[in-house]
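> Give me coordinates for this.
(chains A, B, C, D, E and F)
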There are 6 protein chains.
Amino acid sequence: MTPTSLCPPASAATRHDGRAPDELRPVRITRGYTVHAEGSVLIEFGRTRVLCTASIEERVPPHRKGSGGGWVTAEYGMLPRATHTRSEREAARGKQSGRTQEIQRLIGRALRAVFDLDALGERTLTLDCDVLQADGGTRTAAITGAWVAAHDAVQTLLAEGKLAASPIHAPVAAVSVGIVDGRPVLDLDYVEDAACATDMNVVMTGAGHFVEVQGTAEGAPFTRAELDALLGLAERGIAQLIALQRAALAGAQVG
Amino acid sequence: MTPTSLCPPASAATRHDGRAPDELRPVRITRGYTVHAEGSVLIEFGRTRVLCTASIEERVPPHRKGSGGGWVTAEYGMLPRATHTRSEREAARGKQSGRTQEIQRLIGRALRAVFDLDALGERTLTLDCDVLQADGGTRTAAITGAWVAAHDAVQTLLAEGKLAASPIHAPVAAVSVGIVDGRPVLDLDYVEDAACATDMNVVMTGAGHFVEVQGTAEGAPFTRAELDALLGLAERGIAQLIALQRAALAGAQVG
Amino acid sequence: MTPTSLCPPASAATRHDGRAPDELRPVRITRGYTVHAEGSVLIEFGRTRVLCTASIEERVPPHRKGSGGGWVTAEYGMLPRATHTRSEREAARGKQSGRTQEIQRLIGRALRAVFDLDALGERTLTLDCDVLQADGGTRTAAITGAWVAAHDAVQTLLAEGKLAASPIHAPVAAVSVGIVDGRPVLDLDYVEDAACATDMNVVMTGAGHFVEVQGTAEGAPFTRAELDALLGLAERGIAQLIALQRAALAGAQVG
Amino acid sequence: MTPTSLCPPASAATRHDGRAPDELRPVRITRGYTVHAEGSVLIEFGRTRVLCTASIEERVPPHRKGSGGGWVTAEYGMLPRATHTRSEREAARGKQSGRTQEIQRLIGRALRAVFDLDALGERTLTLDCDVLQADGGTRTAAITGAWVAAHDAVQTLLAEGKLAASPIHAPVAAVSVGIVDGRPVLDLDYVEDAACATDMNVVMTGAGHFVEVQGTAEGAPFTRAELDALLGLAERGIAQLIALQRAALAGAQVG
Amino acid sequence: MTPTSLCPPASAATRHDGRAPDELRPVRITRGYTVHAEGSVLIEFGRTRVLCTASIEERVPPHRKGSGGGWVTAEYGMLPRATHTRSEREAARGKQSGRTQEIQRLIGRALRAVFDLDALGERTLTLDCDVLQADGGTRTAAITGAWVAAHDAVQTLLAEGKLAASPIHAPVAAVSVGIVDGRPVLDLDYVEDAACATDMNVVMTGAGHFVEVQGTAEGAPFTRAELDALLGLAERGIAQLIALQRAALAGAQVG
Amino acid sequence: MTPTSLCPPASAATRHDGRAPDELRPVRITRGYTVHAEGSVLIEFGRTRVLCTASIEERVPPHRKGSGGGWVTAEYGMLPRATHTRSEREAARGKQSGRTQEIQRLIGRALRAVFDLDALGERTLTLDCDVLQADGGTRTAAITGAWVAAHDAVQTLLAEGKLAASPIHAPVAAVSVGIVDGRPVLDLDYVEDAACATDMNVVMTGAGHFVEVQGTAEGAPFTRAELDALLGLAERGIAQLIALQRAALAGAQVG
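Presented below is the predicted three-dimensional model:
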């Protein structure tokens, strides 16, 4: 719980992997990663790899039935050996952990924030985010990749004439920030995440507005000044991620 | 899902219940509400009523076994008819909802943030927060009340000579803030919570430091300026709640 | 399992709390205890406190669908720290214990015995009985309080013009009796319940007829004469409880 | 739910199957019905057939560990097509119904009432009562047969020298009684059970003392006089059942 | 796991119970074993006893709804003390084991292979196979008995005029074969099954065609020659079982 | 259920994808696909892609405790959108399907057949086989890939000096065969699998011996001649797969 030895010494000019404090890990977005889903994206934040698929189904949950509008939801999972030590398979254990549910609810809210559900028509878009390899930041990678997968699924609906205009009104992406070794840093990997104090996940739109801010200090509580510094880092990181999403969409779809 | 008619008109000088934007609902803290628990507090934020009990057990979860230190955890529940319409009993349904798990994980983190777990000894303090009546803000009331219940349970340990000093190093309290009808307001009740846009739960210590910041915009994303205004409101509201906790502790324990 | 030291000495003229053998604990019935439910009653048998809410829903379970008639059912729960030592939360454990199910089936049968289900219309009345504090006799307090809550919910239906006449044709109440220290006594508290031999729960109507008789001797089997004595005690106790229910209904509803 | 046409006319001199009001169905007890269990009994009350096996395991549940004494418990099940229409398999549904749990708790208490658990040694005797064919009275047949199976299992322990004396201090048996067509009758079959009013299950020892009395009136509540008449019928019926148990034990064990 | 001492010596001319390598255990088929089911058969392969009931319900699972055709399915269970040591009750444990599910899927496929589902009409035939006593080969006995029960249930439909012709186009039966002590043998009992190497279950029709072949070598892998020998044994054994099914149907139905 | 239109016409000289009847799909084996697992292999049979990871844990299940020997087991899962239409996530549904359990038991048995469990030491090797994309033959690809992953995990143990010699005594691989359009073919893809009659999965060792033979005819039963033809095809296909495993091991490990 307190692996302080993992923390780089305070005098370190750079982070344990050589990044600057405000530097993202290398991000890679591969569209068309699998063939069956309407949208299928492998997103990599360094060694973190999440497969995000978007599935369209022509039905809605009970609370949307007869509304004429649709629903967007997400599910999250981690392969048992995505992590350093094998974690129990949730399907075998018979239930999803609180952590899993918290993350998939977060992803769902993030995507719904940029969707006009009424304009989607009475159908459901499900974003399955499955972590193939974990190295910190799986939920923020999931949100960032799920948006691209959602975009591709909507393109399918447009191409098939099922929709006349996209119900997505903005891009959305997410990143983690935190205070490591007394210094605010962007996009924590597992070593940074496990070793040190405050951790915050931020979700923003292409317009630079906030969708979610979730900061937690199980270690030392953080000050307003630290919070402001973290929000600034996140704003800059998310702007870069949204640029990367746009670049991925500009490329031809692979698959 | 879009009960806009519940929103007071934009010209309203006050909130639908007459409160000023930065005004808490009447808060009442009753210690010794039930007899068996080491700490038992009924906390009321207006019509929201949460029974918080603190139970001490002389055992710890596996990851703390043999450490010499303890653990603090929380569970949250809502009576089926705490709400406007009856909700299904989670015990009958056979599992806790994602919302329930998210809230009890939040309460647990908030309390652990002000506890020196090593100084607690190899025992577990469980905070059960059960909502008898819900009118918005149940999780923030739960955190605020649970801290008082935890304090009383620790007093029991001190009185019995099981501890020489309190392992609690600061008070902790929580409040919700949100943007209702375009205006930042403090301590949302159900009508405000359901009707309008952004909602944020903030947990802070007596020193004015942040433990948790959880802001969500399922409606319109919020700007950095709005976020700053909300944080300011929360800081002032929590300062008042911590004063109320102190006043409750200064009174004789009822029960 | 054999806390014989808890048993008062055989020569004791009175019970451990000073009551006569045929004396109820102080009973208090508070109507309108919470605001959302159609009926909401806090009932206290001494230190035992049960919150009984009655909820009306305009739907019926499958076996009553299309019958034109309604259904009355009950659910029972105990807050984790209602008891001396914390008991596991059933929602967390993922299932209700056999004891819980047995009690809620009993409460449901007791209430249905005094209801004309066909006259209720195609709706369901659910009685949620949640134990806030336990000190013996929770199921009998629950039945006695649930009847008052059911009455108040029916008044709501009458006031709204949804029913022309009450479908309740009699009051119903319940009490425990048992053989403690060789002597039949009325309304056992926890100490008496845990320490000694035979235990019987009796449910009766205002006309003095039996709805349920559940006597159990895990210790020494009991004779017909003892059974007769216990039934006599129960008859007298229930008559008093029904008088208390009537008095509670005669008072103005508090809330 | 109201199969009144199943009720024999009020003027009927005898019951629908020709029995006198105080007449048991033909009872048959077959010992050694299966080969692996320490005790294995098929008991038949008319067309009701229950297989009762008694299993000895050299371990006890946690609350008896280290006590030197043992435990006696029961489980109850019904084959899906033991009944007129197929009922869902509880193993497939993933949980035991409230009814199943209530019955197996009753059987366990009934058997423990005649066992000296301390004299059993630190071992568990499990009575599995599985209904092969149901025609009313399965729980009373189960108790009556389980006692014979328990006896045979104890004989095994005595024969192996693991016990010096039997820990069973009395026989125990059970029967149902009820008010059918306004008349108290003994040992109800399915038609009588389903069609008519009050139903009572009574468990007694060989000494004529009561272990359990469970009377229920979902229909019309019953009077004290009716209760007395039912208890009288049960006393006589159980005396006959205990004589039949003794006769079965007097015969050579078949297998 | 390696009870090699249970293996008869290699020089043994006969099997541990005196059978020839290609000899079935005594097989007994009792029709009309219980009264409620449309088909009810007790089948015995030596000491293995399985109760197979066939239930007709006038509804089909979702994937057959509106098709005009029916469905045939199976469920399998084992009484807790059918085995040498008591096994946990699946209903109590809250789920069916992988083994149980595998077996009931096998039985269902085997029966469907000889049914014209379209000719069954929009109804479901459920085969419940419950093991009363286990001594090896429970799944093959279950298939062989279930076919007779299915036949009897179809006769009921024909007699009631609900079907004009039987939808069963062939008999189906099953047997186990295996390599015990280096020698292929037919119809393994528990001792043979547990002690030794390869085990194969074979399901065939009356025409001598294969429906299922499931051979497993957790011990030493087997050669093509051994496989051929096992298949030959199975062919001869199943021919005998089908003759026994026909003989059972030729007899008057007992019940 | 009978999509016969998917069947290529009987006169077709080749299969729908142009393969010869005895031709495997292109097989690709990528070692070191993820970084954390002791063995991590992506195996592709055409468009079927399964990620097989091998995890070593220094503990064994209860039945192996204290034996000095180890255990090899497998778990199987499919990402929700690995298939044409989204299938429900088993972790969300709260249980694994019968199909999933059957497959993971098969994989486990196949691997144990070539392992000397005693020589593994008191540790567990878990093979997680997760289907990223499904196009028929997922279980046979899983077995074939899992063996390579197991090999790599054992190499880790050898390199760390935890084992002196490999406990794997042979390669093992699997393939499906079936009768499509009246003709035996090797390695069925989804179209062939869904459209036509008999399906068989065969598992064999490098020595050409059988570990598992699982043939099923839900359509028309198959003859001994057809069975022989299928086994011949499988023998040749598995020989090729084992050559491909060897080639993969001969290459440098990528990762």
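
> now the closest residue to chain C within chain A: how far from chain F?
Closest to chain C within chain A is residue A:95: 7.6 Å, counting by C-beta to the nearest C-beta. Heads up, the C-betas are built off the backbone N, CA and C, glycines and all. The gap separating residue A:95 from chain F is 6 Å, by C-beta to the nearest C-beta, to the nearest Å.

> same question, residue A:35
Distance from residue A:35 to chain F, counting by C-beta to the nearest C-beta: 6 Å.

> part of a helix, is that residue?
No: counting by DSSP: H, G, I helix; E, B strand; the rest coil, residue A:35 is located in no helix; its state is coil.

> residues from chain A in reach of chain E?
Listed as neighbours of chain E in chain A under the rule C-beta under 8 Å from any C-beta of the partner chain: residue A:94.

> Can you pull the residues of chain A lying near chain B?
Counting by C-beta under 8 Å from any C-beta, chain A comes close to chain B at A:63, A:95, A:98-99, A:101-102, A:104-105, A:109, A:112-113, A:200, A:204-205, A:207-218, A:220-224, A:227, A:231, A:235.

> if you look at the residues you listed, which of them are in strands?
Members of the residues of chain A next to chain B lying in strands (criterion: DSSP state E): A:200, A:204, A:205, A:210, A:211, A:212, A:213, A:214, A:215, A:216.

> how about the third one, what does it touch?
Residue A:205 makes contacts with A:113, A:114, A:170, A:171, A:172, A:211, B:221, as judged by C-beta atoms under 8 Å, 6 or more residues apart in numbering or on different chains.

> can you put the residues you listed in a markdown table and add pLDDT and neighbour count?
As requested, the contacts of residue A:205 are exported to a markdown table (pLDDT from 0 to 100; neighbours: other C-beta atoms under 10 Å in any protein chain shown):
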| residue | pLDDT | neighbour count |
| --- | --- | --- |
| A:113 | 95 | 24 |
| A:114 | 96 | 21 |
| A:170 | 96 | 16 |
| A:171 | 98 | 21 |
| A:172 | 98 | 28 |
| A:211 | 97 | 28 |
| B:221 | 93 | 22 |
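
> Sort out which one of those residues lies nearest chain D for me.
Nearest to chain D among the contacts of residue A:205: residue A:113, at 36.7 Å, using C-beta to the nearest C-beta.

> From residue A:145, how far off is that closest one?
As judged by C-beta to C-beta, to the nearest Å, residue A:113 and residue A:145 stand 16 Å apart.

> for residue A:225, same thing?
Distance of residue A:225 to residue A:145, given as C-beta to C-beta: 33 Å.

> Whichever residue of the stretch 101-250 of chain A sits closest to chain D: neighbouring residues, count only.
Nearest residue of the stretch 101-250 of chain A to chain D, counting by C-beta to the nearest C-beta: residue A:101, 20.4 Å away. Residue A:101 has 22 neighbours, counted by other C-beta atoms under 10 Å in any protein chain shown.

> Now do the same contact list for it.
By C-beta under 8 Å, 6+ apart, the contact set of residue A:101 is B:98, B:101, B:102.

> how about the nearest residue to the last one, chain neighbours excluded?
Using C-beta to C-beta, 6 or more residues apart in numbering or on different chains and skipping the chain neighbours, the partner closest in space to residue B:102 is residue A:102 (5.0 Å).

> count of residues packed around the one you found?
Residues lying near residue A:102 (other C-beta under 10 Å) number 19.

> Equivalent analysis for residue A:182, please.
10.

> cool, and residue A:14?
Counted with other C-beta under 10 Å, the neighbours of residue A:14 add up to 11.

> Please identify the residue of the stretch 51-200 of chain A positioned nearest to chain D.
Closest to chain D within the stretch 51-200 of chain A is residue A:94: 9.5 Å, counting by C-beta to the nearest C-beta.

> Thought residue F:95 was touching that residue, still the case?
Yes: counting by C-beta atoms under 8 Å, residue F:95 is a contact partner of residue A:94 at 5.8 Å.

> which residues do those two both contact?
residue E:95.

> Name every strand pairing with the helix or strand hosting residue A:202 and say which way it goes.
Using DSSP states H and E, residue A:202 sits in strand A:199-205. Sheet pairing for strand A:199-205, assigned by DSSP bridges, gives strand A:172-180 (antiparallel), strand A:210-216 (antiparallel).

> Can you mark which positions in the longest helix seen in chain A are buried?
The longest helix of chain A (DSSP state H) is helix A:224-250. Buried positions in helix A:224-250, judged by neighbour count with 16 or more other C-beta atoms under 10 Å in any protein chain shown: A:226-227, A:229-231, A:233-235, A:237-238, A:240-242, A:244-245, A:248-249.

> got it, and stretch A:67-87?
Buried residues in stretch A:67-87, counted by 16+ other C-beta under 10 Å: A:69-83, A:86-87.

> Check stretch A:172-187 too.
Within stretch A:172-187, the residues scored as buried using 16+ other C-beta under 10 Å are A:172-181, A:184-187.

> Give me the distance between the two termini of it.
By C-alpha to C-alpha, to the nearest Å, the extent of stretch A:172-187 from end to end equals 16 Å.

> Run the chain-centre distance for that stretch.
14 Å (C-alpha atoms, centre = their mean, to the nearest Å).

> same thing with stretch A:156-173?
On C-alpha atoms, centre = their mean, the centre of stretch A:156-173 falls 20 Å from that of its chain.

> Quick check: end-to-end length of it?
Start-to-end, stretch A:156-173 (C-alpha to C-alpha) is 22 Å.

> Counting neighbours, which bits of that stretch end up buried?
Within stretch A:156-173, the residues that count as buried by 16+ other C-beta under 10 Å are A:157, A:163, A:166, A:167, A:168, A:170, A:171, A:172, A:173.
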